[in-house]
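Enquirer: following is a predicted model, sequence given first.
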Amino acid sequence: MPDFAGLNVGDQVAEQNFEITRDSLVRYAGASGDFNPIHYRDDVAQAVGLPGVLAHGMLTMGIAIQPVIQWLGDAAKVVDYGVRFTKPVVVPAAGPAKLSVVAKVGALDEETSRARIDLIVSFEENTVLGKSQAWVQL
């Protein structure tokens, strides 16, 4: 587990790349119950003006927090987590969509020993989750 006293604002605490495939979308749809066809049918996605099949926003959000959880060693240490969905993750029919996550210390609260971890989540060099922040208890 990380030591609060050893952290500084700006420190990078985690970085990881992820691949999202159409199989990932099927699995997530089954687990979440979100069977909106924009997440698995190109024709439907295009008919509503989307560039293609999109990853579920909550799937992207869930993936993005994983490097922080690994760094903490305990998911229960995440006490608050929020994002703004800014751009879609388009998942091609063949091959993966590649998601990049970089986690940095954005703020430290000495009174509570909590750290705000700011996440930079990108796909094709575009930030896909804005104001992506997690408060963690150390």
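Expert: Great, that's in hand. Keep in mind the model is a prediction, meaning the values are calculated, not measured.
Enquirer: from now on I want contacts and neighbour counts done on CA atoms only, so please keep to that.
Expert: OK.
Enquirer: what count of nearby residues applies to Y40?
Expert: By the measure other C-alpha atoms under 10 Å, the count of residues near Y40 is 21.
Enquirer: make residue 1 into 629 and carry on from there
Expert: Sure, I'll start counting at 629 from here, so that last one is Y668.
Enquirer: and the pLDDT at it?
Expert: According to the prediction, Y668 has pLDDT 94.
Enquirer: what segments of this protein are strands?
Expert: Counting by DSSP state E, the chain has strands at residues 640-648, 706-713, 725-737, 742-751, 754-765.
Enquirer: tell me the most buried of those strands?
Expert: A comparison of these by mean neighbour count, using mean count of other C-alpha atoms under 10 Å, puts strand 742-751 on top with a mean of 23.
Enquirer: so how far is that strand off the chain centroid?
Expert: Relative to its chain's centre, strand 742-751 lies at 9 Å (C-alpha atoms, centre = their mean, to the nearest Å).
Enquirer: tell me the strands beside it, with direction?
Expert: According to DSSP bridges, strand 742-751 forms sheet pairs with strand 725-737 (antiparallel), strand 754-765 (antiparallel).
Enquirer: the shortest one vs strand 706-713, what angle?
Expert: Here strand 754-765 runs at 160 degrees with respect to strand 706-713, directions being taken by axes from the mean of the first three to the mean of the last three C-alpha atoms, to 10 degrees.
Enquirer: next: the longest one.
Expert: Going by the same axes, to 10 degrees, strand 725-737 is angled at 130 degrees with respect to strand 706-713.
Enquirer: having no further points to raise, I will conclude here.
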